[in-house]
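Engineer: the amino acid sequence is not available; the structure is as follows:
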Ligand SMILES: [Zn+2]
């Protein structure tokens, strides 16, 4: 399986977010969809990779935050591709409010301004086609991988672990200066448990939502 990283700059100098395009040789799978500000670039990158309507089989969202989910509804319309997200993060994408299911209190102004600043309108909201749960086997969609529920950053954060041992972890970890647990934490206890779980798994390489891939050893 080939992995193409699509790196997208975020508005307001908020850094870079990664989408990953998996190419099995027969079909494509997109992990995360990026922010709306880079929509045209995402489309270009899909096109350059030879990813067309019909060959893109599924969009998998690691969680509902705007920097990962804002192009999902648009790509669904253009590619006729279903969008999958963990059950617990369906509410934020349905409401266009990434704070809709957060446990930790959120500043009301931040909550109101976020969709305005990042262009999340009615057209970016969607009802997911596939609701993911822990342990789900993605073979039925044509991808040799399974879903790991890895809450902590958000309630419905999940990872995609391929049969080759590559983990697409969303924002559980990032690799900004060095590989580390995210500092954007909704539920610290859940985050720690997700970390312990991942540490015990046979994982070859971790592909974070922000930063370059790394190995488990680099985290310790
Ligand atoms: Zn993120």
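Structural biologist: Yep, that arrived. For clarity, every value in this text was computed on a predicted model and none was experimentally measured. Numbering: from 1, shown residues only.
Engineer: strand partners (parallel or antiparallel) of the helix or strand hosting residue 5?
Structural biologist: Counting by DSSP states H and E, the element that carries residue 5 is strand 2-9. Its sheet considered, strand 2-9 pairs with strand 16-23 (antiparallel) by DSSP bridges.
Engineer: in the partner strand, which residues are buried?
Structural biologist: Residues of strand 16-23 classed as buried: 17, 18, 19, 20, 21, 22, 23 (neighbour count, 16 or more other C-beta atoms under 10 Å). Every residue, glycine included, has its C-beta placed from N, CA and C.
Engineer: show me the shaky parts of this structure.
Structural biologist: Where the chain drops to pLDDT under 70, the residues are 220.
Engineer: what does it put close to the ion?
Structural biologist: With C-beta under 5 Å from the ion as the criterion, the chain comes near the ion at residues 67, 171, 209.
Engineer: what's the burial count for residue 47?
Structural biologist: Neighbourhood size, residue 47 [other C-beta atoms under 10 Å]: 10.
Engineer: and for residue 203?
Structural biologist: Using other C-beta under 10 Å, residue 203 has 18 neighbouring residues.
Engineer: then residue 53?
Structural biologist: For residue 53, the neighbour count with other C-beta under 10 Å is 11.
Engineer: distance check, it against residue 27.
Structural biologist: Per C-beta to C-beta, to the nearest Å, residue 53 is found 12 Å from residue 27.
Engineer: what's the separation between residue 64 and residue 92?
Structural biologist: Using C-beta to C-beta, residue 64 is found at 3 Å from residue 92.
Engineer: same question but for residue 181, I mixed them up
Structural biologist: Separation of residue 181 from residue 92 (C-beta to C-beta) stands at 21 Å.
Engineer: of the two, who's got more company?
Structural biologist: residue 92 (25 against 18).
Engineer: quick check, the more buried one in a helix?
Structural biologist: Yes - using DSSP: H, G, I helix; E, B strand; the rest coil, the secondary structure at residue 92 is a helix.
Engineer: tell me what the residue lying closest to residue 128 once chain neighbours are set aside is bridged to.
Structural biologist: Spatial nearest neighbour of residue 128, chain neighbours left out: residue 85 (4.7 Å); criterion: C-beta to C-beta, 6 or more residues apart in numbering. Beta-bridge partners recorded for residue 85 (DSSP bridges): residue 131.
Engineer: now do the buried residues in the top helix by length along the chain.
Structural biologist: Of all segments of type helix in the chain, defined using DSSP state H, the longest is helix 188-199. Residues 190, 191, 194, 195, 198 are the ones in helix 188-199 that count as buried (16+ other C-beta under 10 Å).
Engineer: and what of stretch 118-133?
Structural biologist: So for stretch 118-133, counting by 16+ other C-beta under 10 Å, buried means 118, 120, 124, 125, 126, 128, 130, 132.
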